[in-house]
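Enquirer: Sequence first, predicted coordinates after that:
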Amino acid sequence: MSRRPGSPANDLVLADHTGSATALPPAGLIAVLGGAVLASGLVLWLATASWIVGLAFVLAAGVLLGGMVLLESLRIRPAEGSLAAPDWSVTVAAIERAGEAIAITDRANRMVCANLFFLDSFGAGAAPPALPMDRAALEAVTLLARNAWREGTASVEDVEASDETRWQISATRAGRGDDHLIWRLKPLARSGGESLQALDLAGPFGRMLSRAGIESAITTAEGVIRAVSAGFAERAAGDERASLVGQDFVSFLRSDERDRIFFAREGRGGTPQTLVDVPLANPEERVTAAGPDEATSLMLLIDSGVGIGSGFGGASQAGVAQLDALLAQLPLGLAMTDRDGRFLFANEAFLRSVGREGRGLPAFPTDLVTREDKAALSDAVRRHGRGPATSGDVAVRLANSPEEPVSLGLAGVRGLGDAAVLLSLADTSQENQLRRQVAQATKMQAVGQLAGGVAHDFNNVLTAIIGTCDLMLLRHIPGDSDYDDIQQIRANSNRAASLTRQLLAFSRQQTLRPEIIQLPDVVSEVSPLIKRLLGEKITYYVQHDRNLGPVRADPQQLEQVIMNLAVNARDAIQGNGGQPRGNGQGRISLFTRTLQAKQVVQLGSEVLPAADYTVLIVQDTGGGIPPHVLPKLFEPFFTTKEQGKGTGLGLSTAYGIVKQSGGFIFADNIADKSGHPTGARFTVYFPVHRGEVPRKRPVPALVSSDWSAGGKVLLVEDEDMVRTVAERALTRAGYEVTACANGEEGLAAIIEGTNRFDLVVSDVVMPGMDGPAMVRAIRARLPHMPVLFMSGYAEEQLRRDIDIPDMHFIAKPFSVAAIGDKVGAVLREARANAGAQG
């Protein structure tokens, strides 16, 4: 601390009865003036030769000098307190605050005083704005000083010092003549997710601990020192600048016959230390790919003082208070209990981890866990609270989130009064959320694969049923006794085929016909049907944004997405006897919006990649979605409707179509000003298509010489019922069909060469040699052989996996007429291509 000079030391300051101060001329000055008067009188006497003249001069000068002295003594000066320089020691006492560095500088940027926190953080030689910072930070602080002198006050929110500590700095002009600046510097707190290994023990944090009687070090699981505070280095090695990194932590300590811990260098003359081991990582994360040595701990040596052996008083209680203050600042969740398991203390991170923030602690740790884990936790606390100091972990389920087990660390501590067990619990709320998202995505993927496999197998059955019905209908005419029954069977089969398409849509395995489209065009196409479905008591509102980017999607499937979302919103509104909830009409709103990549970054979503999107929003006034329903909303067969009123495939179908189109779909609730949900909102993000719009290949015009019917077809299908229906359908259409049960038989029919086939119709997935392998072997012999694949999987997925040029595709289940028309179209195209090449 530096001080300004005070009043001159030779001033004589007296206090009168009014409380003011009166200053008299110094005695030396009076003596000099009196001597000068006497000398002048003597010279005048000698010059005039008249002693009367000299005496008169002396008397006159003496009267004048006495009057001056009298006038000076009668003049009242202002109070010393208003003119004297300030007492800076009083100022220092006033600005002494914990956690805030304060300094005062004059117009020459000289520091006149500062508190201890400032001196510990920057040193006595650093006066603002000349602080130990890099060039950019110094420029920001210098500009702050200029603005403060000009405007009266200025601040900067975040600057970094040379020791990587970040500060919030403000300066305010003050003083009688506005000739001083008051600087306030507040260290910015570390974020809760930052690693505790970033604690700077060599900086202000370590020095603060040393002043509190706590020496600190960071060690590995093997006890190797990673970092130490200056106080620890001084007591362990005799030099606060000594580098102890890489040395064994316990080599600097010793214990006596009473198991008390001392610094080895201090010997028996040193004070006992209480050792507290604070793990710096979640116990679940201690063993990583880098090995167990990556686990680190914060070792705290608390000076127990002379009173360590005298019960629970004196310095021991002071150590507890010091430890409480330290634990309150750490981002790791920490709490302490006594030997009976009663809570003594918990920091904010611990309260946040157990869901008790703002409510305080219960009496016992067992009150925080589920009933099944109470006994195990009680035994663990009692075991660590008695006997020698030990540490360990116990897996428990918290009462506020019983579905997520957590690892609770326990460590026995001794010499801290009532404190006996230290509990540690990392705040893993973000990790748990990410884990739930991964689990949900994995479950959706697994269910999708299962649904796709079931739908594929079911499509083979439906193909046989629908095909058989078509063949029977060819032998019956309307009015026959069996005609209506056959039609009913066919209608139900088509309904089952619709369900399988929804399953394939959810599993992203259905056949899409993507086009480059504009969302408003699709909305316009489907809006009339939506209005008819909603009725008169629900308002339908549409609003489109400008400059929407094109998207690549199947327009028919996109219409299905919009329809499913609108029907779901209608059912939510009509939640009470088919009428809109509440008074008045319900409302379904549909918006299209454009979203740029920089806006996506601002959203901070971990799921949505940064790109340009065209957004479709469907929201309603149906009261919102219950929180427990949101995670299951897109699962197949999940429904909140009454039995028989919904299949649970509407939203799952929308989910699958959006994901297969490369988009994203999210659901949330809309709340009013009081926070009460008023409705649900579904937001669909489609990536903006940046490529060129592909031109449709022109279909050659049909002429009389085109293929109409007839030809030799090789049919390969492992399912007997599907093969039989397809063979009968193609034979009835006029084709000569050779049917094979697997790929090996089909390839053998080609190799024998007894028949020259015009087309190969094959299933994709077959035991042994599958369809693509067979076709590649055939193409090796006959490069221009036309191929038509039959499958219940998506065409895009098959084309991507098979990668066979010039192949055609028909989706199962198909009708007799559909396969006949498709075979004819493939043969016509093959004939046209052959003619063009000839």
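Expert: Now that the structure is in, tell me what you want to look at.
Enquirer: In contact with His544, which residues are there?
Expert: Residues in contact with His544 (C-beta atoms under 8 Å, 6 or more residues apart in numbering) are Leu519, Pro520, Val523, Phe591, Thr592. Placement of C-beta: from N, CA and C, glycine included.
Enquirer: Between those, which sits nearest Val141?
Expert: Phe591 (47.4 Å; C-beta to C-beta).
Enquirer: For Gly355, see how far away Ser762 is.
Expert: Per C-beta to C-beta, to the nearest Å, Ser762 is found 59 Å from Gly355.
Enquirer: The two: which is more packed in?
Expert: The residue with more neighbours, out of Ser762 and Gly355, is Ser762; 25 against 13, by other C-beta atoms under 10 Å.
Enquirer: element containing the more buried one?
Expert: According to DSSP states H and E, Ser762 maps onto strand 759-763.
Enquirer: Mind giving me the packing neighbours of that strand?
Expert: strand 712-716, helix 720-732, helix 743-752, helix 771-781, strand 787-791, helix 816-837 (3 or more C-beta pairs under 8 Å, 6 or more residues apart in numbering; DSSP states H and E).
Enquirer: ok, now with 6 Å
Expert: Taking 3 or more C-beta pairs under 6 Å, 6 or more residues apart in numbering; DSSP states H and E as contact, the helices and strands that strand 759-763 lies on are strand 712-716, strand 787-791.
Enquirer: now for the last one, which elements pack on it?
Expert: Using 3+ C-beta pairs under 6 Å, 6+ apart as the contact criterion, the neighbours of strand 787-791 among helices and strands are strand 759-763, strand 807-811.
Enquirer: ok so, going back, who wins for proximity to Ser297 among the helices and strands packed on strand 759-763?
Expert: Nearest of the helices and strands packed on strand 759-763 (C-beta to C-beta): strand 787-791, 59.0 Å.
Enquirer: what lines up beside that closest one in the sheet?
Expert: In the sheet, strand 787-791 lines up against strand 759-763 (parallel), strand 807-811 (parallel) (DSSP bridges).
Enquirer: Of all these, which one is nearest Ser162?
Expert: strand 807-811 (67.2 Å).
Enquirer: relative to helix 771-781, how tilted is the closest one?
Expert: Here strand 807-811 runs at an angle of 150 degrees relative to helix 771-781 (axes from the mean of the first three to the mean of the last three C-alpha atoms, to 10 degrees).
Enquirer: Report the angle between strand 807-811 and helix 720-732.
Expert: Comparing the axes of strand 807-811 and helix 720-732 via the same axes, to 10 degrees yields an angle of 110 degrees.
Enquirer: Return the most buried member of the strands paired with strand 787-791.
Expert: Mean neighbours per residue, mean count of other C-beta atoms under 10 Å, is largest over the strands paired with strand 787-791 for strand 759-763, with a mean of 25.
Enquirer: For it, which outside residues touch it?
Expert: Here strand 759-763 makes contact (C-beta atoms under 6 Å, 6 or more residues apart in numbering) with Val713, Leu714, Leu715, Val716, Glu717, Gly771, Pro786, Val787, Leu788, Met790, Leu827.
Enquirer: Make TSV from those residues and add neighbour count and pLDDT to it.
Expert: Output for the contacts of strand 759-763, formatted as TSV (neighbours: other C-beta atoms under 10 Å; pLDDT from 0 to 100):
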residue	neighbour count	pLDDT
Val713	24	93
Leu714	24	93
Leu715	27	93
Val716	27	94
Glu717	25	91
Gly771	28	90
Pro786	23	92
Val787	24	92
Leu788	20	93
Met790	26	88
Leu827	22	90
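Enquirer: Of the residues you listed, which is the nearest to Phe634?
Expert: Met790 (30.0 Å).
Enquirer: picking that back up, kindly reformat the contacts of strand 759-763 as a markdown table containing distance to Ser481.
Expert: Shown next, in a markdown table, are the contacts of strand 759-763 (distance: C-beta to C-beta, whole Å):
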| residue | distance to Ser481 |
| --- | --- |
| Val713 | 35 |
| Leu714 | 39 |
| Leu715 | 33 |
| Val716 | 38 |
| Glu717 | 33 |
| Gly771 | 41 |
| Pro786 | 42 |
| Val787 | 43 |
| Leu788 | 37 |
| Met790 | 34 |
| Leu827 | 38 |
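Enquirer: Could you single out the nearest of those to Glu222?
Expert: Closest to Glu222, out of all of the contacts of strand 759-763 and judged by C-beta to C-beta, is Gly771, at 59.8 Å.
Enquirer: Could you tell me the per-residue confidence at the closest residue to the closest one other than its chain neighbours?
Expert: Spatial nearest neighbour of Gly771, excluding adjacent residues (C-beta to C-beta, 6 or more residues apart in numbering): Ser762 at 4.1 Å. With respect to pLDDT, Ser762 has a value of 93.
Enquirer: Then the one 4 residues further on?
Expert: In the prediction, the pLDDT value recorded for Met766 is 86.
Enquirer: Measure how buried the closest residue to it other than its chain neighbours is and give me the count.
Expert: Excluding its sequence neighbours, the residue lying closest to Met766 (C-beta to C-beta, 6+ apart) is Asp718, at 4.3 Å. Residues near Asp718, counting by other C-beta under 10 Å, number 20.
Enquirer: where does Asp718 fall, phi/psi-wise?
Expert: Phi and psi for Asp718, reported as degrees, to the nearest 10, are phi -80, psi -20.
Enquirer: So it versus Ile169, what's the distance?
Expert: 77 Å.
Enquirer: list the buried ones in stretch 144-162?
Expert: Neighbour counts over stretch 144-162 (16 or more other C-beta atoms under 10 Å) mark Leu144, Ala145, Ala148, Ala154, Val156, Val159, Ala161 as buried.
Enquirer: Test my guess that the second one contacts Pro129.
Expert: Yes. Proximity of Ala145 to Pro129 meets the contact threshold set by C-beta atoms under 6 Å, at 4.6 Å.
Enquirer: Regarding the closest residue to Arg254 other than its chain neighbours, what are the backbone dihedral angles?
Expert: Nearest non-adjacent residue to Arg254, counting by C-beta to C-beta, 6+ apart: Ala264, 4.5 Å away. With angles defined as degrees, to the nearest 10, Ala264 shows backbone torsions of phi -60, psi -40.
Enquirer: Pull the residues that contact stretch 720-738.
Expert: Here stretch 720-738 makes contact (C-beta under 6 Å, 6+ apart) with 460, 463-464, 467, 471, 709-715, 717, 739, 749, 816, 819-820.
Enquirer: and that stretch, average pLDDT?
Expert: Here the average pLDDT along stretch 720-738 is 89.
Enquirer: returning to what we had before: list only buried entries from the contacts of His544.
Expert: Those of those that meet the buried threshold are Leu519, Val523, Phe591, Thr592, by 16+ other C-beta under 10 Å.
Enquirer: Among those residues, name the ones in strands.
Expert: Among the buried ones among the contacts of His544, DSSP state E puts Phe591, Thr592 in strands.
Enquirer: Among the buried ones among the contacts of His544, which one lies nearest to Tyr655?
Expert: Leu519 (17.9 Å).
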